[in-house]
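Chemist: Provide a 3D model corresponding to the input given below.
(2 chains)
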Amino acid sequence: MLLIQCPNCGPRSEIEFRCGGESHIERPGPHGEVTDEAWADYLFYRSTPMAEHRERWVHAAGCRRWFNVVRNTVTHRINGTYPMGATGLTERSR
Amino acid sequence: MTNRYSVLSLIREGLNAQRGWEPAWRDAAPKKRYDAIVIGGGGHGLATAYYLAKNHGIRNIALIERGWIGGGNTGRNTTIIRSNYFFPQTAAFFDFALKLYEGLSLDLNYNIMFSQRGMWTLGHDRHGLEMLRRSANAMRLNEIDAELHDGDSVRRHIPGLNDTPRFPVLGGLNQPRAGTARHDAVAWGYARASSALGVDIIQNCEVTGFLIKGGRVRGIETTHGAMHAETVGMAVAGHSGVLAAKAGVRLPISSYALQAFVSEPVKPCLDTVVLSPATGTYLSQSDKGELVIGAGLDLYLSYAQRGNLPWMERAAAGVVELFPAFSRMRFLRQWAGIVDVVSDSTPIIDATPLGGFYVNCGWGTGGFKAIPAGGWCLAHAMATGKPHALASAFTLDRFRTGALIDEASASGIAH
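Modeler: Numbering: from 1, shown residues only, chains lettered A, B, ... in the order given. This is a model prediction of the structure:
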């Protein structure tokens, strides 16, 4: 069971959250110029490291806000969270 | 020495104090060069090696396994075999697997304990029933056995089903030819039969990299040294993305943990497989007497082979809701396997952009039932360089062209 530190509500149990997958995926564009390869990459291909992974979570049964989580996919250890729009963990958020 | 299993050999070895049995497969030392290398000693990899040898006459084959054979998802799944798919391509493929399973014990001379005890999918509301009716019609169009039953008939067929559940059982879809098999026996049977055909089964040997030259794979680097081959097949569900990346091949796969449980063993009380999508659980009873209970995916990326408490609670709640008599039984074991998930829940059996490198992956939560056909088709691709007709739609390119086979939504069943 994960204990997730919601930036707004504090530490809560995993069942209150939903994972939205990998963070920092940008839709390619402009639309008319996107190749099939780039579009497939955007839709289906994800980085799947056996290491730290940056992913989006939403506190569905709480504040209902999205934020980023840095989590190890092998140990499930959460190394920190950071707000949407930020590019990654700062030393303070670790 | 005895290496063929039969009633006669049982009697002979019984009189011989069981001293004549040979090991089921050879413990092979790795060679420097092979005609083909199969990575992954689970069901799909072992079946691939077997059919490479049997159907295509290739004998100089290595099967590489990081741990022990059948120790990954093959040893962790809930052993259900079915072919209740929606689209013609997947229905034909999975029914071919089921037909191979029907003859597998004889083919391998190894009892895989395939029991065609049927599988029931329950409908708990009008919409669920409509989905079942649609599914039954699709199965029959695809020439697969399917029976639609009303609620009374379901209760007559499944002993112990709750008469007054919170979510009433309005109907059910049975596939009579579906059933369960002994998962370890499938791995061991394929290992024994392929070893007898000359396949080198090399366990405790991890692939650390690929030898690549001129845009083609030339072999693999392992913890036991380099091995050369012009054809390499990979069937390492759960870690497909990670290993393919070492060959420079990207796959549209995410890895998730899928949980299962067994209860303490009891006397025979459930003679079929029951799946209830609405309560989020499915169960059957093993030959040892344990209830084998499956749950759903923990929907975040994971390589930890352990499950999580929320699904355990949900699966248990579903079982108790369906079968109140099981409420005082205890869980005996709980575990998880890491599964390959692709967005359309249809496998990938295909060549890759790297010449000579073939993949068998993307089985989601239901790879066990496909083992014979997955091995058969990967072996065909590796031996001939062309996709097998049954797997010709299971390409890597479909994610670019958009020709997805969306069983994830079509079948409406947990994959």
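Chemist: Run through the helices of the stretch 101-250 of chain B in chain order.
Modeler: For the stretch 101-250 of chain B, the helices defined by DSSP state H, counting those that start in this stretch cover B:104-108, B:126-141, B:151-157, B:183-196, B:240-246.
Chemist: So which of the ones you listed is the most surrounded?
Modeler: Stretch with highest mean neighbour count among the helices of the stretch 101-250 of chain B: helix B:183-196 (a mean of 24; mean count of other Cβ atoms under 10 Å in any protein chain shown). Using the backbone N, CA and C atoms, a C-beta is placed for each residue, glycine as well.
Chemist: Return the mean pLDDT over that one, rounded to an integer.
Modeler: Per-residue pLDDT over helix B:183-196 has a mean of 97.
Chemist: Tell me the helices and strands packed up against that helix.
Modeler: Packed against helix B:183-196, as judged by 3 or more Cβ pairs under 8 Å, 6 or more residues apart in numbering or on different chains; DSSP states H and E, are the following elements: helix B:43-56, helix B:104-108, strand B:200-202, helix B:371-384.
Chemist: For chain A, find the nearest of these.
Modeler: helix B:43-56 (19.4 Å; Cβ to the nearest Cβ).
Chemist: Around B:G215, how many other residues sit close by?
Modeler: The number of residues packed near B:G215 is 9, by other Cβ atoms under 10 Å in any protein chain shown.
Chemist: ok, B:A393 to B:A408 distance?
Modeler: Separation of B:A393 from B:A408 (Cβ to Cβ, to the nearest Å) stands at 15 Å.
Chemist: before we move on, what about B:G318?
Modeler: From B:G318 to B:A408 the distance is 21 Å (Cβ to Cβ).
Chemist: which of those two has more neighbours?
Modeler: B:G318 (21 against 17).
Chemist: what packs against the host helix or strand of the more buried one?
Modeler: If you go by DSSP states H and E, B:G318 is part of helix B:309-322. Here helix B:309-322 touches strand B:254-263, strand B:273-276, strand B:281-285, strand B:291-298, strand B:331-341, going by 3+ Cβ pairs under 8 Å, 6+ apart.
Chemist: With mean pLDDT and distance to chain A as added columns, please give these in JSON lines.
Modeler: Below are the helices and strands packed on helix B:309-322 laid out as JSON lines (pLDDT from 0 to 100; distance: least, Cβ to the nearest Cβ, whole Å):
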{"stretch": "strand B:254-263", "mean pLDDT": "95", "distance to chain A": "6"}
{"stretch": "strand B:273-276", "mean pLDDT": "94", "distance to chain A": "21"}
{"stretch": "strand B:281-285", "mean pLDDT": "93", "distance to chain A": "17"}
{"stretch": "strand B:291-298", "mean pLDDT": "93", "distance to chain A": "9"}
{"stretch": "strand B:331-341", "mean pLDDT": "94", "distance to chain A": "10"}
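Chemist: Contact distance from chain B - what residues of chain A qualify?
Modeler: Contacts of chain A with chain B, taken as Cβ under 8 Å from any Cβ of the partner chain, map to A:1-2, A:14-15, A:18-19, A:21-22, A:36-37, A:40, A:43-46, A:48-50, A:53, A:55, A:71, A:73-76.
Chemist: Select from these every entry located in helices.
Modeler: Using DSSP state H, the members of the residues of chain A next to chain B that fall within helices are A:36-37, A:40, A:43-44.
Chemist: Next, the buried residues of stretch B:242-261.
Modeler: The neighbour-count check on stretch B:242-261 (16 or more other Cβ atoms under 10 Å in any protein chain shown) flags B:242-244, B:247, B:249-261 as buried.
Chemist: What residues does the most centrally placed residue in chain A make contact with?
Modeler: The C-alpha lying nearest the average C-alpha coordinate of chain A belongs to A:E55 (Cα atoms, centre = their mean; 1.7 Å). Residues near A:E55 by Cβ atoms under 8 Å, 6 or more residues apart in numbering or on different chains: A:19-23, A:68-69, A:71, B:300-301.
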